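Engineer: mind folding the following:
(one chain, ligands or ions: 3)
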Amino acid sequence: MQTLDSPAVGLIDSPEASLAELPDFTSESYKDAYSRINAIVIEGEQEAHDNYIAIGTLIPDRAEELKKLAQMEMKHMRGFTACGKNLGVQADMDFAKNFFSKLHGNFQSALSEGKITTCFLIQAILIEAFAISAYHVYIRVADPFARKITEGVVKDEYLHLNYGQEWLKANLSECKEELIQANKTNLPIIRSMLDQVAEDAQVLYMDKEELMEEFMIAYQDSLTEIGLDNRDIARMALAAVI
Ligand code: PL3
Ligand code: FE2
Ligand code: FE2
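Structural biologist: Ligands and ions are numbered 1, 2, ... in the order given. Predicted coordinates:
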């Protein structure tokens, strides 16, 4: 275990992390955990790309805008692929595909039924809030190469969250019931994904409670923006714990 006195310890200069200890990015245990987490992020960015293109087929007059979001996701995917390469890690893509399979299946069913609200909730709210929380926590403990990339990515993810938010807000009166139902089905899946990744995340010095806290902030802020009141939001958030 490195200590602050150890010469190998890296200190980063952002204020909130100025005294934080960083993991040993070259250790086998770090690389092993990273092979799964890196794959999750690569797969998540790829699926986000596909999902925005797919939502564009349901709202053709928004297809151009959605294509721009999708292109950003491809750029994110390439960035995170480079992060893995930089550490000499081979991403475990089979693991990642399985990790996303439930959410992927639910998105595909919603898509085939033309349920735009459910598609936006899954991709633009739940997945983006999950990504934002993970990237915020990761930035504090990432290697310098990955930190730079992740800082660029997280700004884009807010644009994506906002995009979904704006659509849901504009359509709230017609979509509220579907939104609540879709949340009830899919928030527990996000919760279990977080549980599944927690052990590997800890190896990267990413704390589970911190991840949950960041997620709840992004998620609740976004529901507020959409126009839901505190009681609705509390009810919706409860789906994560019961
Ligand atoms: C949408 O733009 C992106 C979707 C990606 C979802 C990622 C979830 C990440 C969970 C694991 C936390 C690790 C973060 C570390 C980054 C290398
Ligand atoms: Fe992304
Ligand atoms: Fe995104």
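Engineer: would you mark the buried spots in stretch 166-174?
Structural biologist: Along stretch 166-174, these residues count as buried under the neighbour rule (16 or more other Cβ atoms under 10 Å): Trp167, Leu168, Asn171. Heads up, the C-betas are built off the backbone N, CA and C, glycines and all.
Engineer: ligand 2: which of these is nearest?
Structural biologist: The closest of these to ligand 2 turns out to be Trp167 (Cβ to the ion; 17.6 Å).
Engineer: thought that closest one was touching Leu121?
Structural biologist: No: using Cβ atoms under 8 Å, Trp167 makes no contact with Leu121, being 10.3 Å away.
Engineer: stretch 36-43 - what's its average pLDDT?
Structural biologist: Regarding stretch 36-43, the rounded mean pLDDT is 98.
Engineer: run the chain-centre distance for that stretch.
Structural biologist: Centroid separation for stretch 36-43 versus its chain: 11 Å, with Cα atoms, centre = their mean, to the nearest Å.
Engineer: is that stretch in proximity to ligand 1?
Structural biologist: Yes: interface with ligand 1: stretch 36-43 contributes Ile37, Asn38, Ile40, Val41 (Cβ under 6 Å from any ligand atom).
Engineer: buried ones in that stretch, by neighbour count?
Structural biologist: For stretch 36-43, a neighbour-count test (16+ other Cβ under 10 Å) marks Arg36, Ile37, Asn38, Ala39, Ile40, Val41, Ile42, Glu43 as buried.
Engineer: for stretch 201-208, same thing?
Structural biologist: Within stretch 201-208, the residues that qualify as buried are Ala201, Val203, Leu204, Tyr205, Met206, counting by 16+ other Cβ under 10 Å.
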